[in-house]
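J.: starting from these lines, generate the structure:
(chains A and B)
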Protein chains: 2
Amino acid sequence: MNQQTIGSWVSSANMESCDFPIENLPYGCFHAVQDPLASKKIGVAIGSHILPLTDLSKLIEIPLHLKNSFQHFDDLKMNEFMAISNHEQVLCREFIKDLLSINSKNQAILEPIIIHQSEVKMHLPCEIPDFTDFYAGIYHATNVGSMLRPEQPLAPNYQWIPVGYHGRSSSIIPSGVNIKRPIGQTRASEGKPPYFQPTRRLDYELELGVFIGKSNEQGVPILVDEAEEHFFGMCILNDWSARDIQAWEAVPLGPFLAKNFATSISPWIVTRHALEPFRKAWLRADNFPQPLSYLNSKNNELFGGIEIHLEIYLQTALMKEKQLPAERIVTSEFSKAAYWSIAQLITHHASNGCNLNAGDLMGTGTLSGPMEQEVGSLLELTRGGKEPIELGQGEKRSFLENGDTVIFKAYCKKDGQVRIGFGECRTTIVG
Amino acid sequence: MNQQTIGSWVSSANMESCDFPIENLPYGCFHAVQDPLASKKIGVAIGSHILPLTDLSKLIEIPLHLKNSFQHFDDLKMNEFMAISNHEQVLCREFIKDLLSINSKNQAILEPIIIHQSEVKMHLPCEIPDFTDFYAGIYHATNVGSMLRPEQPLAPNYQWIPVGYHGRSSSIIPSGVNIKRPIGQTRASEGKPPYFQPTRRLDYELELGVFIGKSNEQGVPILVDEAEEHFFGMCILNDWSARDIQAWEAVPLGPFLAKNFATSISPWIVTRHALEPFRKAWLRADNFPQPLSYLNSKNNELFGGIEIHLEIYLQTALMKEKQLPAERIVTSEFSKAAYWSIAQLITHHASNGCNLNAGDLMGTGTLSGPMEQEVGSLLELTRGGKEPIELGQGEKRSFLENGDTVIFKAYCKKDGQVRIGFGECRTTIVG
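T.: Here you go, the predicted structure:
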């Protein structure tokens, strides 16, 4: 049973299915579309609205001990806000919660400035200096590996190393921005010269993104029991992939143009503090070894997991034409799908002294579950394109077609807790 | 025979072996070490000195048509300067050249503000939003490939695709900053669990870096004949590599922690305009296919090459103790070593619509030449560590040891042209 929300004077925040109750308060960056003079602002989502935090200090007396932190909102320096101490972040969160609570003394002042989410354009929530994509989804790695190397789907390093690679930060885009089908080299058959043509195997990958807050100095690793101090929050992430380009280019240095044309993320950063009630044990199947000691932690075993439910929806051009809603094709769950916890990903990334900075984004890897209807890519769902899925209107898909809209959703739900959501990551393919 | 320099009133710039004659004028970012109040400034190297460009407008009347461009120096926005048009860059360069020429009317005003390079600390020359490392050195790719796959050293895609992968931008450091030997997972033998220990196979890789100036919009490729409009300039680059970590982690997504602990670059950006006199034809051996049409260009064939000579020096702790100079162990040449031209690297990178931005850095890949004394890594020079090199003092090296200093140098020299140099990229390994 859902616990009762503490309640907000923004009434839409009190609805049971709402992604953004007062217990969530994710940060984002937006501008009002109807005001030609509107500039970007940082805000928190509340119900179907946004409370702007930028320039809030002009309306409300910010307590002295929070002034420095709120100044970052005024300066549009979200990354600097993400770098402040955990303690200060909690205080800011509590202050914002008070402003929005049903008992707030500031409702009359704030009611005129909250803005409906339908009236804004969302931007990336912060600058993203570096983007890393991990491969922590063990069912995904097994499914993909079994297509390429049936005799040994998982490489010997998989159970020991949080495998990852660097991605492209310039091409990360927020939900709502269309992507153009990329052109690239592919090869029809061995021994023949390659073609240069629009990809024929365009795919999504269902991931979560982890934002770094506190940085570490170059040369100074992060202990696994301190790793979560560097974890600011999460978003949904779609790691677009052109499978034909990837197959031809990726030897020996990994994926490059098959991925870097675009990565989509949901625009709200759900903070670690909002996710706290959905913690769970981080269990690993018995037949896998204990991690090496730098990745091993009793704390991680007890609380390293977070129960986050994931959904993939697809809406084709024909479905839009017929005014049919998007069809849910897959559901999955983060903690079941991932072999490594967030603390382990952070610790491994910095174990060689690599410096992580506020705003850096880490993709988890594709979060496929163990069952057929839980796989996070079309590559898996259609067995390499050989078994197209059937959609409600009699349409079929092996890979994505122009006009298709892919929507990822995520939420946390647990008995006794107020449900919180991530919003959505929605992208349409154009030709 | 060297052409006579046009000459500068900074007399050290007129010496024949000087890296920074008035014909070079590379951009960098520095601060004066002896002035506790000194802030960062942008400047150009001239002889053994630097002319600060930041705040130059307070001393010298900047012509109206250059004021916007010079404002970027005052604002310390080197990336915005890099993004201005090619035409404006040429005009700025000509103006700076006039200020420093032997016939300058401003010598009396500028003489008090030039600063000796020994009195500054150099920073990164600009912000580096994204870092890509290519694999364009065909002899290097062949040498490394033959250790791993003797039957087929080059993958079938090599002759068609400028193979590359994304690197880490946060850990790029300028010459002069030490690096700590990284710790990481390696495996002693197949079937055994891995160790977590300091790398035993720490290596350098001799590369050049290419800085992007003009950006392209996401989704809009760059034509090969227009690619050089996006090429701002070059530096020397050392792509540090931990070979034991790399061997264990890199399947299936490529190098990650084996590389991202540090990448060193020389601090001066030698501009495309300074490199112009050293252009040459871009020749490809007869037994390789013509590139696909998006990478093919008559212009590239005629002028795509730049003759840049490269040198690797090594100075061990013992050599420093005995006050012996660094020993030159390798020389190579860019255009002979690289299979793909700069224009082809840029065009391929953006061919899928990936957006490149001002300040982005692209490594060329290790620039080994065809001969034994031209190889750009210890992995190649010592045949995987099996045949240590002997240094002058009777010391041997398979891979780098703590206290070793690696120095890369680069210069352009051609009959009838004034020699220009890149300065050096110098790094010491600490434990």
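
J.: can you give me the buried ones in the helix or strand that contains A:Met147?
T.: Assigned by DSSP states H and E, A:Met147 falls within helix A:138-148. Residues A:138-145 are the ones in helix A:138-148 that count as buried (16 or more other Cβ atoms under 10 Å in any protein chain shown). For glycine as for every other residue, the C-beta is placed from the backbone atoms N, C-alpha and C.

J.: does A:Leu206 touch A:Ser377 like I think?
T.: Yes - A:Leu206 is within contact range of A:Ser377, at 7.1 Å (criterion: Cβ atoms under 8 Å).

J.: what touches both of the two?
T.: Taking Cβ atoms under 8 Å, 6 or more residues apart in numbering or on different chains as the contact rule, A:Leu206 and A:Ser377 both touch A:366, A:368.

J.: give me the more crowded residue out of the two.
T.: Neighbour count, other Cβ atoms under 10 Å in any protein chain shown: between A:Leu206 and A:Ser377, A:Leu206 has more, with 31 against 24.

J.: so what's the residue nearest to the more buried one when sequence neighbours are not counted up against?
T.: Among residues not flanking A:Leu206 along the chain, A:Gly376 sits closest, at 3.3 Å (Cβ to Cβ, 6 or more residues apart in numbering or on different chains). Residues near A:Gly376 by Cβ under 8 Å, 6+ apart: A:137, A:140, A:204-207, A:310, A:312, A:330, A:332, A:337, A:366-368.

J.: and A:Gly376, backbone torsions?
T.: phi -100, psi 20 (degrees, to the nearest 10).

J.: nearest to chain B: which residue in the stretch 301-431 of chain A?
T.: Residue nearest to chain B within the stretch 301-431 of chain A: A:Asn352 (3.8 Å; Cβ to the nearest Cβ).

J.: and that residue, how many neighbours?
T.: The local packing of A:Asn352 (other Cβ under 10 Å) involves 26 other residues.

J.: A:His349 now?
T.: Neighbours of A:His349 (other Cβ under 10 Å): 28.

J.: quick one: contacts for A:Lys77?
T.: Contact analysis of A:Lys77 by Cβ under 8 Å, 6+ apart lists nothing.

J.: nearest residue to whichever residue of the stretch 251-400 of chain A sits closest to chain B in space, ignoring adjacent ones along the chain?
T.: Minimum separation of the stretch 251-400 of chain A from chain B (Cβ to the nearest Cβ) falls at A:Gly254, amounting to 2.6 Å. Spatially, and ignoring its direct neighbours in sequence, A:Gly254 is nearest to B:Gly254 (2.6 Å; Cβ to Cβ, 6+ apart).

J.: need the residue closest to the centroid of chain A.
T.: A:Ile236 (2.3 Å; Cα atoms, centre = their mean).

J.: tabulate the CA atom coordinates of the helix or strand hosting that residue in PDB.
T.: Here A:Ile236, judged by DSSP H and E, is contained in strand A:231-238. Only the C-alpha atoms of strand A:231-238 are listed here, as PDB (Å, rounded to 0.1, in the frame of the first residue of the first chain):
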ATOM      1  CA  PHE A 231      26.600  10.000  -6.500                       C
ATOM      2  CA  PHE A 232      24.300  13.000  -7.100                       C
ATOM      3  CA  GLY A 233      21.300  11.500  -8.900                       C
ATOM      4  CA  MET A 234      19.900   9.600 -11.800                       C
ATOM      5  CA  CYS A 235      18.000  10.000 -15.100                       C
ATOM      6  CA  ILE A 236      16.700   7.700 -17.900                       C
ATOM      7  CA  LEU A 237      19.200   7.200 -20.700                       C
ATOM      8  CA  ASN A 238      18.700   5.900 -24.300                       C
END
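
J.: following that strand, which helix or strand shows up next?
T.: Sequence order places strand A:241-242 as the next helix or strand after strand A:231-238, per DSSP H and E.

J.: just the helices in the stretch 201-350 of chain A please.
T.: A:243-249, A:272-275, A:298-303, A:317-321, A:334-337, A:342-350 (DSSP state H, counting those that start in this stretch).

J.: which residues does the fifth one contact?
T.: If you take Cβ under 8 Å, 6+ apart as the criterion, helix A:334-337 is touched by A:137-140, A:208, A:280, A:282, A:305-310, A:364, A:367-370, A:374, A:376.

J.: distance of the residue located most distally from the centre of chain A from B:Asn157?
T.: Largest separation from the mean C-alpha position in chain A: A:Gly191, at 39.8 Å (Cα atoms, centre = their mean). As judged by Cβ to Cβ, to the nearest Å, A:Gly191 and B:Asn157 stand 13 Å apart.
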